[in-house]
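1. how does the following fold in three dimensions:
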Amino acid sequence: MKNLKITALVLVLALGAHAHGEPADLIVYGDYLLSMEPGANVLQDGAVAIRGNTIVAAGPRQQVDAQYQASRTIPGAGRVILPGLVNGHTHTSMTLFRGMVDDLDLMTWLQDYVFPMEARFVTPEFVRTGSTLACWEMIRGGTTTFVDMYFYPDQIAEVVQRCGLRAVIGAPHIDFPSPGFKGWDDSFAAAQDFVARWQGRDPRITPAFAPHAPYTVSPEHLAATVVAAQKAHAPITMHLAEAPAESDYVREHFDTTPVKHVAGLGMLDTPLIAAHMVQLDADDIALVAKGSVGPIHNPTSNMKLGAGISPVPAMLAAGINVGLGTDGAASNNDLDLWEEIRMAALLHKVAAGDPTVLPAPEALAMATRLGAAAIGLGNQVGQLKPGMQADLIQVDLGKVRHQPRYDIVSHLVYVLDSTDVVTTIVAGQVLMEDARILSLDEAQLRADVEASAAKIRAALAATEAS
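-> Residues are numbered from 1 along each chain as shown. Okay, the predicted model is just below:
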């Protein structure tokens, strides 16, 4: 009799545990769920269950609720759940140069304004403030992962640790003097040191090598970067085939195209995040399709600097994972990836004279699944499914201006803006809830930005007066 009572008690406890479900740390709900898995449709009344930093379930609300019980939930009325956005190319600290100078071609903009101002103002404190401002802007707009390339990368990495985002952080190296460096030797040595120190240090940070471009780094030094990156098993991020002036330089000095030039140095045979990729011919695209390259399309920056239109539809047709980037705020002038999604969809329609080119689902994939694959993180982020990192956002589509709704993906691409993002989660940590950023001190950030901006304004005024 005693054994029967014990057996009955065990059965009751087991049934009770099953009724309450497995433990989860957080369940996020949405009237709609878009997993961004290939071929997946928008799911009505969905939920995502998170344990630690990982998604354990993503699907119909009833199924998730039946299987999991969470200590915390985020409601989803009027909201869409989707993966966090991936910004494949930016220069975070250049937010402090936002609007400093506009309406110039790339080389004039760089050589007459950006490089001199960087030499004068870029310090560890400048980078810390500028990258914090950028992280605030990206969290607010639903970007959860970004690829950066700027000076003092240790400062950027520490800001990323504090704010909670995920990042590939490139340590720049270049053939002439730059902030903190005399030239190639010391900047390349520092890049190697940065990569070695940050590998495995934080699961949200991937250190990378960042040679600036084929017109600022010699072939010998680009080849040295390839050797160092392969030895360290680290990615490379660089500007490539960005503008006519770059193509002219490479043709004059090396009698080839920028893509063929770096291919001959082995750069396409190692993980390469290639920013811009505007000036490509058919042979270039074939080389990229065979290589380990993730092109990053920056439509706003390319248009603003008159760099041209990247052959994105041809690259996608060749099976290449193409991502999206904002570039830096000095040439955009914001870090709103929703603008890039919409701009990419529209730009390639008018370039091709065909409204069916780059449809809304494909444009959104470039900022999520395809973008994650392009930067080498496709096995971690960019889709909502069990085992992936819990990087996701909620978008509010309940506003009057979102009415009526017939197609959710159409709304995300052609109606939405960054202010509609209400929740941002990275690695299971809620960085923004109800449009309030939790991981950064906004008042302190405003004061720090204004202090830096006052110095830059004074320098610009003195330049204009002279």
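2. contacting residues around S452?
-> S452 sits next to 96, 121, 125-126, 129-130 when contact means C-beta atoms under 8 Å, 6 or more residues apart in numbering. Using the backbone N, CA and C atoms, a C-beta is placed for each residue, glycine as well.
3. 6 Å instead?
-> By C-beta atoms under 6 Å, 6 or more residues apart in numbering, the contact set of S452 is 96, 129.
4. would you mark the buried spots in the strand or helix carrying it?
-> Using DSSP states H and E, S452 maps to helix 442-465. For helix 442-465, a neighbour-count test (16 or more other C-beta atoms under 10 Å) marks 445, 448-449, 452, 456 as buried.
5. and it, how far from the chain's centre?
-> From the chain centre to the centre of helix 442-465 is a distance of 27 Å (C-alpha atoms, centre = their mean, to the nearest Å).
6. likewise for stretch 32-49?
-> 21 Å.
7. among the buried residues of helix 442-465, which one sits closest to H402?
-> Using C-beta to C-beta, L445 comes nearest to H402 of the buried residues of helix 442-465, at 29.6 Å.
8. just the strands in the stretch 1-150 of the chain please.
-> 22-24, 26-33, 43-51, 54-60, 68-70, 73-74, 79-83, 85-90, 143-149 (DSSP state E, counting those that start in this stretch).
9. now the residue nearest the centre of the chain: closest residue in space, sequence neighbours ignored.
-> For the chain, the residue nearest the mean C-alpha position is N87 (2.0 Å; C-alpha atoms, centre = their mean). Nearest residue to N87 in three dimensions, chain neighbours excluded: F146, at 4.1 Å (C-beta to C-beta, 6 or more residues apart in numbering).
10. quick one: that neighbour from A286, how far?
-> F146 sits 29 Å away from A286, going by C-beta to C-beta, to the nearest Å.
11. look at these two and report which has more neighbours.
-> Relative neighbour count places F146 above the other of F146 and A286, with 27 against 13, counting by other C-beta atoms under 10 Å.
12. what residues are up against M343?
-> 299-300.
13. would you list the phi and psi of H239?
-> phi -80, psi 140 (degrees, to the nearest 10).
14. low pLDDT regions in this structure?
-> Scanning the chain for pLDDT under 70 picks out 1-20, 466.
15. could you list the domains of it?
-> Following automatic domain parsing, one gets these domains for the chain: 21-83+389-434, 92-374.
16. distance from the shortest one to the middle of the chain?
-> Pointing back at domain 21-83+389-434 there. 19 Å.
17. the helices in the stretch 51-200 of the chain, which residues?
-> If DSSP state H, counting those that start in this stretch is used as the criterion, the helices of the stretch 51-200 of the chain fall at 61-67, 106-108, 115-121, 124-141, 153-163, 184-198.
18. how many residues are close by G378?
-> Applying other C-beta under 10 Å, we find 18 other residues in the vicinity of G378.
19. what do you get for A344?
-> Neighbour tally, A344, other C-beta under 10 Å: 25.
20. need the contact list for the residue lying closest to S292 once chain neighbours are set aside.
-> By the measure of C-beta to C-beta, 6+ apart, the closest residue to S292 outside its immediate chain neighbours is P271, 5.0 Å from it. Residues counted as contacts of P271 (C-beta under 6 Å, 6+ apart) are 235, 292, 376.
21. so how far is L445 from P271?
-> 33 Å.
22. T108 too?
-> Shown here: T108 relative to L445, a distance of 32 Å by C-beta to C-beta.
23. one more: A77?
-> Using C-beta to C-beta, A77 is found at 31 Å from L445.
24. again, but for A458
-> From A458 across to L445, the span is 21 Å (C-beta to C-beta).
25. bridged to the residue nearest to N87, which residues?
-> For F146, the beta-bridge partners under DSSP bridges are N87, A167.
26. is it correct that it is in contact with R166?
-> No: assessed by C-beta atoms under 6 Å, F146 is found out of contact with R166, at 7.8 Å.
27. any idea how far apart the tips of stretch 383-391 sit?
-> 9 Å (C-alpha to C-alpha, to the nearest Å).
28. what residues sit buried inside that stretch?
-> Using 16+ other C-beta under 10 Å as the burial criterion, the residues of stretch 383-391 that qualify are 383-384, 388-391.
29. repeat for stretch 266-285
-> Quick answer for stretch 266-285 (16+ other C-beta under 10 Å): 266-268, 270-280, 284-285.
30. surely V127 touches Q155?
-> Yes: taking contacts as C-beta under 6 Å, V127 lies within contact range of Q155: 4.4 Å.
31. the two: who's more crowded?
-> V127 (25 against 22).
32. who touches the more buried one in this structure?
-> Contacts of V127 (C-beta under 6 Å, 6+ apart): 93, 152, 155.
33. quick check: next helix or strand after the helix or strand harbouring Y249?
-> Y249 belongs to helix 244-254 when assigned by DSSP H and E. Note on helix 244-254: by DSSP H and E, the next helix or strand toward the C-terminus is helix 258-263.
34. tell me which residues are up against that following helix.
-> Here helix 258-263 has contacts from 214, 240-241, 246, 250, 254, 284, 287, using C-beta under 6 Å, 6+ apart.
35. how much space between M277 and K399?
-> In terms of C-beta to C-beta, M277 sits 36 Å off from K399.
36. what about the nearest residue to D175 once chain neighbours are set aside, distance to F151?
-> Once flanking residues are discounted, D175 sits nearest to W184: 4.9 Å by C-beta to C-beta, 6+ apart. The gap separating W184 from F151 is 15 Å, by C-beta to C-beta.
37. the more surrounded of these two?
-> Neighbour count, other C-beta under 10 Å: between W184 and F151, F151 has more, with 24 against 21.
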